[in-house]
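Student: no FASTA, just this:
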């Protein structure tokens, strides 16, 4: 089982490459470098270098703002980032789940959940997002067959989300942490439970 701390570090590293500030920085850098190259043959080289430096500093500040925002409230921002990535992956596989949509919307819109994360994180929520991330990544590796992989293995996660929706936060923490840790001890891998063998034969 991947520890939550290590998983959070992976999400933070992933965000360094995919957050809005990072994307804006990486897109603006080629333009700035082109301007510096063109000004090298003219009198405006110093001005172009200043603009390039300002772009770099502004980009670093944007990335830092994204990172600080993600790490506030006991990592709620990173959980939202990861859950949004998971939903994007499963949507590309042609999977639509109202239960997953409701859970991810709750991460953004539930004021009680946000208040709880300001004081202390909820391990049940962290584990659900981690499980969804692992399952969506596994399914994504299958490409065309990923939809079936996801559907075969989603039961425990969907049930946890349903219970989370119905129970008070304190009760959900007690009820869900154990089963989710059990699922994460043995997450699905390629050809989970041997379902693919009779359907597709040996790969």
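Tutor: Perfect, thanks for sending it. Just so we're clear, the structure is a prediction, and the values are computed from it rather than from any experiment.
Student: CA atoms for contacts and neighbours, from now on please.
Tutor: OK.
Student: ok, which stretches of the chain are strands?
Tutor: Shown for the chain, no strands are assigned by DSSP state E.
Student: ok, the residue positioned nearest the centre of the chain - contacts?
Tutor: In the chain, the centroid-proximal residue (C-alpha atoms, centre = their mean) is residue 82; its distance is 1.4 Å. Residue 82 is in contact with 11, 129, 133, counting by C-alpha atoms under 8 Å, 6 or more residues apart in numbering.
Student: ok, it to residue 172 distance?
Tutor: For residue 82, the distance to residue 172 equals 21 Å [C-alpha to C-alpha, to the nearest Å].
Student: Please, where are all the helices along the protein?
Tutor: 4-18, 20-39, 45-92, 98-109, 111-119, 123-142, 146-153, 155-166, 169-185, 196-200 (DSSP state H).
Student: Spatially nearest residue to residue 93 (excluding sequence neighbours)?
Tutor: Excluding its sequence neighbours, the residue lying closest to residue 93 (C-alpha to C-alpha, 6 or more residues apart in numbering) is residue 147, at 5.8 Å.
Student: and that neighbour, how many neighbours?
Tutor: 19 (other C-alpha atoms under 10 Å).
Student: can you tell me which residues contact it?
Tutor: 90, 93-95, 139.
Student: and if you look at residue 86?
Tutor: Residue 86 touches 132-133, 136-137, counting by C-alpha under 8 Å, 6+ apart.
Student: are any of those residues buried, and which?
Tutor: 132-133, 136-137 (16 or more other C-alpha atoms under 10 Å).
Student: what about the residue lying closest to residue 163 once chain neighbours are set aside, distance to residue 178?
Tutor: Distances taken as C-alpha to C-alpha, 6+ apart put residue 172 closest to residue 163, at 7.0 Å, once the chain neighbours are dropped. In this view, residue 172 and residue 178 are 11 Å apart by C-alpha to C-alpha.
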